[in-house]
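Colleague: starting from these lines, generate the structure:
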Amino acid sequence: MEKKSNSIIWNGLLSLQRNIMFYFSLIIAVSITVGAILRYVFKTNLYGMEEIIAIFAFWLYFVGGAYGAYEDSHIKADVVSSFVSNKKLKFSLIAFSTGATALFCIVGIYLAWGMLSFSFLRGTQTPVWRVPLWIPQGSVFFGFVLMAFYFSIHFKDRLQKVKEIYSKHM
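Modeller: Numbering: from 1, shown residues only. Here you go, the predicted structure:
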């Protein structure tokens, strides 16, 4: 993915993700701290604070997942390739698992779109603050779109590596 580092759109997208992760983490931490101070020091509650925190947590979680996909630092169950010593087979398995992950993300996009459009069309809202549910649910859709995008790029790069390995050994 090194080729993309010069693109304004590419860098802007990464910057957006980093800012969301930083500021939303900060907002969540401050909100929880304020909630705890209100509850335990002033013996009062800010009704519906959990709703607001959940919205920021949704965005943090799915944008963080997408950023992990970009960095290729997400949690992997990569046991098979750890025990395979054949270089061709190992890189083929890695490429296959990356492609499968990209396909699962595309399924996630489809399902998230169904959820998002249902909420948008029905006008569903959170119970206390009446925040439209498509706002937190949009994070699921946005996250899966980015994850599918990044995993597809990793898949293309890994397929290229597999082709190079097979062409060297022929």
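Colleague: same for the lowest-mean-pLDDT helix or strand in the chain, what does it pack against?
Modeller: Ranking every helix and strand in the chain by mean pLDDT, DSSP states H and E puts helix 79-83 at the bottom, with a mean of 76. Applying 3 or more Cβ pairs under 8 Å, 6 or more residues apart in numbering; DSSP states H and E, we find helix 79-83 packed against helix 87-122. From N, CA and C alone the C-beta is placed, and that goes for glycine too.
Colleague: what's the spacing between the helix it packs on and its chain's center?
Modeller: Relative to the chain's own centre, helix 87-122 is displaced by 11 Å; criterion: Cα atoms, centre = their mean, to the nearest Å.
Colleague: can you check stretch 134-143 too?
Modeller: 10 Å.
Colleague: what comes up buried for that stretch?
Modeller: Within stretch 134-143, the residues that qualify as buried by neighbour count (16 or more other Cβ atoms under 10 Å) are 134, 135, 136, 137, 138, 139, 140, 141, 142, 143.
Colleague: among these, which lie within helices?
Modeller: Among the buried residues of stretch 134-143, the members found in helices (DSSP state H) are 134, 135, 136, 137, 138, 139, 140, 141, 142, 143.
Colleague: what about the last one, distance to residue 108?
Modeller: Here residue 143 is placed at a distance of 8 Å from residue 108 (Cβ to Cβ, to the nearest Å).
Colleague: what's the closest of the buried residues of stretch 134-143 to residue 83?
Modeller: Nearest to residue 83 among the buried residues of stretch 134-143, counting by Cβ to Cβ, is residue 143 at 31.4 Å.
Colleague: the closest one against residue 68, yeah?
Modeller: No - counting by Cβ atoms under 8 Å, residue 68 is not a contact partner of residue 143; they are 10.2 Å apart.
Colleague: how about the least confident helix or strand of the chain as CSV, C-alpha atoms only?
Modeller: Extracted C-alpha coordinates of helix 79-83, given in CSV (Å, rounded to 0.1, in the frame of the first residue of the first chain):
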residue,chain,number,x,y,z
VAL,A,79,-2.3,-20.7,12.9
VAL,A,80,-2.1,-22.6,9.6
SER,A,81,0.5,-20.3,8.0
SER,A,82,2.6,-20.4,11.1
PHE,A,83,3.1,-24.2,10.8
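Colleague: for residue 58, give me its contacts.
Modeller: 136, 137, 139, 140 (Cβ atoms under 8 Å, 6 or more residues apart in numbering).
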